[in-house]
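Peer 1: got a predicted structure plus its sequence, pasted below:
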Amino acid sequence: MEYEFLYDRDNRRYRLALASEQAALQHFLMDEFEHNKASYQPLIAKLSAMTPFEDWQYLGREYSLLVQQQEVRICHNTLLSTEHFELPEQLADADLQLDEHLLESECGLADLLLLVQAWQDFLAT
């Protein structure tokens with residue numbers, strides 16, 4: 001997984017940049033946690049302690065993280081409530097599509113841990 005960490009000195013803000021297909025993960029990390037090192041420690045501790053067949057979920061304010069057998073899915077909470085929802089016929093005919101990469105991302109648990117630990121280290125500097 002490719003990522004870039006940035007610090008805007010003018011605004012004194014940290015920014016995480018991920019590939020577009022990982023936009024939901026980027027929003028999850030930036031929106032669900034404060035921009036300080038300590039806020040990520042409980043997440044890192046839980047993910048590090050997981051066994052290979054353990055399932056777990058973190059329900060955030062806007063995005064949630066779901067772990068199933070070492071695979072991670074980050075999705076906007078609206079997807080959790082509408083996964084089995086079908087568009088009304090008139091909307092389906094209009095050929096409307098959700099920009100799903102903004103709402104959902106997937107990655108491996110090991111990749112996520114490396115990213116979050118690196119991000120946490122960057123925030124500490």
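Peer 2: Right, received. Where do you want to start? Numbering: from 1, shown residues only.

Peer 1: now the helices for the protein?
Peer 2: Secondary structure of the chain (DSSP state H): helices located at 23-32, 41-49, 77-82, 89-93, 109-124.

Peer 1: give me whichever of those helices is most buried.
Peer 2: helix 23-32 (a mean of 20; mean count of other CB atoms under 10 Å). (Each C-beta comes from the backbone N, C-alpha and C, glycine too.)

Peer 1: run the chain-centre distance for that helix.
Peer 2: Here helix 23-32 is found 5 Å from its chain centre; the criterion is CA atoms, centre = their mean, to the nearest Å.

Peer 1: and the helices of the chain, which one averages the lowest pLDDT?
Peer 2: Mean pLDDT per stretch puts helix 89-93 lowest among those, at a mean of 44.

Peer 1: separation between residue 19 and residue 66?
Peer 2: 20 Å (CB to CB, to the nearest Å).

Peer 1: spell out for me which residue occupies the centre of this structure.
Peer 2: By CA atoms, centre = their mean, the chain has its centre lying nearest to residue 25, at 2.5 Å.
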